[in-house]
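Peer 1: Structure of the sequence below:
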Amino acid sequence: MATPPQRPGFPARIDLGRGAATPPARAAAPRSAPVRAAVTGDGLPVVPAAASTLRDSIPARARMVQQLMAEGISDPLVLRAMGTVDRHHFVDGALVPQAYEDTALPIGLGQTISKPSVVARMLELLMQGGLRCENGKLGRVLDIGTGCGYQAVVMGQICEEVYSIERLRDLHEKARANLRPMRIANVHLILGDGMAGFAKGAPYAGIVAAAGGEAVPDAWIDQLAYGGRIVAPVAAAPGQQALIVIDKSRQGIRQTVLEAVNFVPLKSGVA
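Peer 2: Numbering: from 1, shown residues only. Next comes the predicted model:
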C-alpha cells in the first residue's frame, strides 16, 4: 500500500531569497459561469478592442514579452500567452497607458492586477511541475483569486481547462463582464470561498493562488492530483511572504521555498 502523503508544517521558517513582486488577492467557490471563445487566426483567444487601441497594443505586448525573456522567462507557451492577451482590456481607462509596464495596477476593492512578470513567473513554475497533456498544455487547473480575470485568460491558453474562483462579488461580476465578449469555452468563473478550493473540478493538475495566507489550505492539497503542483505565496515571517511550490506525489508532499513576494492577504468567505 502507498504511504499517504505527509503534509508540510505551516507556516514554515523561511530564509527569504531575492527581490519581491506585487500581485493581486482573492479567493472563491460555487456558482460556475463558463465563457465561450472568439479567437485569432492561430486559434488563440483575443480581447476585442478598438482598432487604434489594438494596433498600439501589439508593439507594447511585444516589448513586454522581450522584457519577460530578459528576466529569465523561457517557457514558449507562457511567452506566447503573455504576448497574446490584451492586458489593457482588464484595467480602467485612465490606466491603459500603463497596462504593459511591469507594475501592479488597482482594479478596485483594494485589489490589484498582478505585474506581468509575476503572472509569467508563477505560470512558468506551474508548467514546470504540473501535469501536462500530449499537446504540452496543462490539464485542468484551479486559479484562486480571479480579480479582473486577466490571469485566468492567460491560463486558459496554456491549460486545457481553468476554474477561477473569486470571493468578492463585485470583482467576480467585473471579470464576467471582461470575459463575456471573448467567449472563452475553457475558462469557468466561480463566486465562492477560494480557501475551500472547488471540489467539483478536482483533481487538478495545478493550483495557483493570487493571495497569501499563513498556510496553504488543506483543501488545496486534497484537491491536487498526484503529480500536480501548487504555486502560492505564504507567510514567511511577520510582515513577510515567500513564494512556495508544493509538489504532490504518492510518496508524499515536497515543498520548495523561492523568492520573497508581496501579495494581498488570502481571506475566507464571500463578500
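Peer 1: As a check, name the ranges of all strands in the stretch 101-250 of the chain.
Peer 2: 105-108, 111-113, 138-144, 159-166, 187-191, 204-209, 224-237, 240-249 (DSSP state E, counting those that start in this stretch).
Peer 1: Among those strands, which comes closest to Lys174?
Peer 2: Judged by C-beta to C-beta, the one of those that comes nearest to Lys174 is strand 105-108, at 7.2 Å. No exception for glycine: its C-beta is placed from N, CA and C like everyone else's.
Peer 1: List the contacts of that closest one.
Peer 2: Defining contact as C-beta atoms under 8 Å, 6 or more residues apart in numbering, one finds that strand 105-108 is touched by 24, 90-92, 95, 98-99, 112-113, 147-148, 170-171, 174.
Peer 1: one step back: need the strands of the stretch 101-250 of the chain in CSV (columns: mean neighbour count and mean pLDDT).
Peer 2: Converted to CSV, those look like this (neighbours: other C-beta atoms under 10 Å; pLDDT from 0 to 100):
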stretch, mean neighbour count, mean pLDDT
strand 105-108, 17, 94
strand 111-113, 23, 94
strand 138-144, 26, 97
strand 159-166, 27, 98
strand 187-191, 24, 98
strand 204-209, 28, 98
strand 224-237, 22, 95
strand 240-249, 20, 96
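Peer 1: Mind putting those into CSV with distance to Ala260?
Peer 2: Shown next, in CSV, are the strands of the stretch 101-250 of the chain (distance: least, C-beta to C-beta, whole Å):
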stretch, distance to Ala260
strand 105-108, 21
strand 111-113, 17
strand 138-144, 20
strand 159-166, 26
strand 187-191, 30
strand 204-209, 16
strand 224-237, 7
strand 240-249, 6
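Peer 1: Please tell me which one of the contacts of strand 105-108 counts the most neighbours.
Peer 2: Within these, most neighbours by other C-beta atoms under 10 Å means Gly147, with 31 neighbours.
Peer 1: That residue against Glu166, yeah?
Peer 2: Yes. Using C-beta atoms under 8 Å, Gly147 is in contact with Glu166, at 6.9 Å.
Peer 1: and the gap between Leu138 and Val78?
Peer 2: Using C-beta to C-beta, to the nearest Å, Leu138 is found at 11 Å from Val78.
Peer 1: overlap in contacts of the two?
Peer 2: With C-beta under 8 Å, 6+ apart as the test, Leu138 and Val78 both reach Met127, Ile158.
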